[in-house]
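Student: build me a model:
(4 chains)
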Protein chains: 2
Amino acid sequence: MTALAFSEGLMDSRTLAASVNTNPVVIRRLLLGLRRAKLVETYAGKHGGARLRKKPREISLLDIYDAVQRRPVIAINERKAWKHCAVSCHMKGIMSSVADGAEQAVRKHLRGITLKQLLRQVC
Amino acid sequence: MTALAFSEGLMDSRTLAASVNTNPVVIRRLLLGLRRAKLVETYAGKHGGARLRKKPREISLLDIYDAVQRRPVIAINERKAWKHCAVSCHMKGIMSSVADGAEQAVRKHLRGITLKQLLRQVC
DNA sequence: CTATATGTAATTAACACAATTACAGTTAAT
DNA sequence: ATTAACTGTAATTGTGTTAATTACATATAG
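Tutor: Okay, here's the model as predicted:
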């Protein structure tokens, strides 16, 4: 996303992939999520590619996080509890609220950082 | 750790393993880290096991997190940068500070929760 | 029509971590 | 002393998540 902000125009998945040293298909899959979140627009065909749909100052890292994130920052034990153990039976609920608080803390931090701020650090 | 706080005495790795539905060896490995952090003491031999070394009110989730954590909340791309790309060359440093901020946010949250608070929710 | 993109499924590879097995060392009870 | 029951720890295998790769249908510019 910083590369897209930097280029200010269309970039294809092959170039984006090179900049993060991965495969173009990985990039295209991420772009689908970013497009769903209305952060980018993509174009097929010759001279296709992707570009930002908003100004860098209008895109926070939280926007990007929500668009591409898969798993929570703190995972909880999803196995079934041991029913003879009171602690075991309560822990899932207890840890869920702990994990939830951690998630909110991270979200608050990411909400305060914009793509523009990242871009400024490049130049 | 909540189970240890609940029992107020020695628990063996087999029982602890049952309460989280895993293998005793996994528990013993975690206990090594917790022991290194002086949060528990362990005893070998017959009637051995583990017990807390501090009161539940004196143990925060951050203490436990530091004792057992392996990987950071937000991982950064460790691949080598594409040297023809200014963005690629700067991103590792930029994202490191973002990840660092997120880590601090989570640590702050965990610092505010004690084992005693978790214990109270069980009873 | 052709070259060059994306969209997307299917398959394989890589990796982290859990699970398991095995056994040496330790301790309590008899 | 011997035995039973535990921890400490290494080594190996299993499992689940995600990346990498391949393949191809579809789209678009020239």
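Student: every contact and neighbour count from this point should use C-alpha atoms.
Tutor: Noted.
Student: can you name the residues of chain A that neighbour chain B?
Tutor: Taking C-alpha under 8 Å from any C-alpha of the partner chain, the part of chain A that reaches chain B is made up of A:2-3, A:6, A:18-21, A:73-74, A:77, A:79-82, A:85-88, A:90-91, A:94, A:98, A:101-103, A:105-106, A:109-110, A:118, A:121-122.
Student: quick one: furthest residue from the center of chain A?
Tutor: A:His84 (40.3 Å; C-alpha atoms, centre = their mean).
Student: so that residue, which state does it fall into?
Tutor: The three-state label given to A:His84 by DSSP: H, G, I helix; E, B strand; the rest coil is coil.
Student: just want the angle from the helix or strand where A:Glu103 lies to helix B:86-111.
Tutor: According to DSSP states H and E, A:Glu103 maps onto helix A:86-111. Relative orientation of helix A:86-111 and helix B:86-111, computed by axes from the mean of the first three to the mean of the last three C-alpha atoms, to 10 degrees: 140 degrees.
Student: and for A:Arg111, nearest residue in space, chain neighbours not counted?
Tutor: Leaving aside its sequence neighbours, A:Arg111 sits nearest to A:Leu62 (C-alpha to C-alpha, 6 or more residues apart in numbering or on different chains; 4.9 Å).
Student: just to be sure, the one you found is in a helix?
Tutor: Yes - with three-state DSSP as the criterion, A:Leu62 is part of a helix.
Student: list the residues that contact it.
Tutor: By C-alpha atoms under 8 Å, 6 or more residues apart in numbering or on different chains, A:Leu62 lies in contact with A:107, A:110-111, A:113.
Student: hmm, stretch A:5-12 in reach of DNA strand C?
Tutor: Yes - judged by C-alpha under 7 Å from any atom of the strand, stretch A:5-12 comes into contact with DNA strand C at A:11-12.
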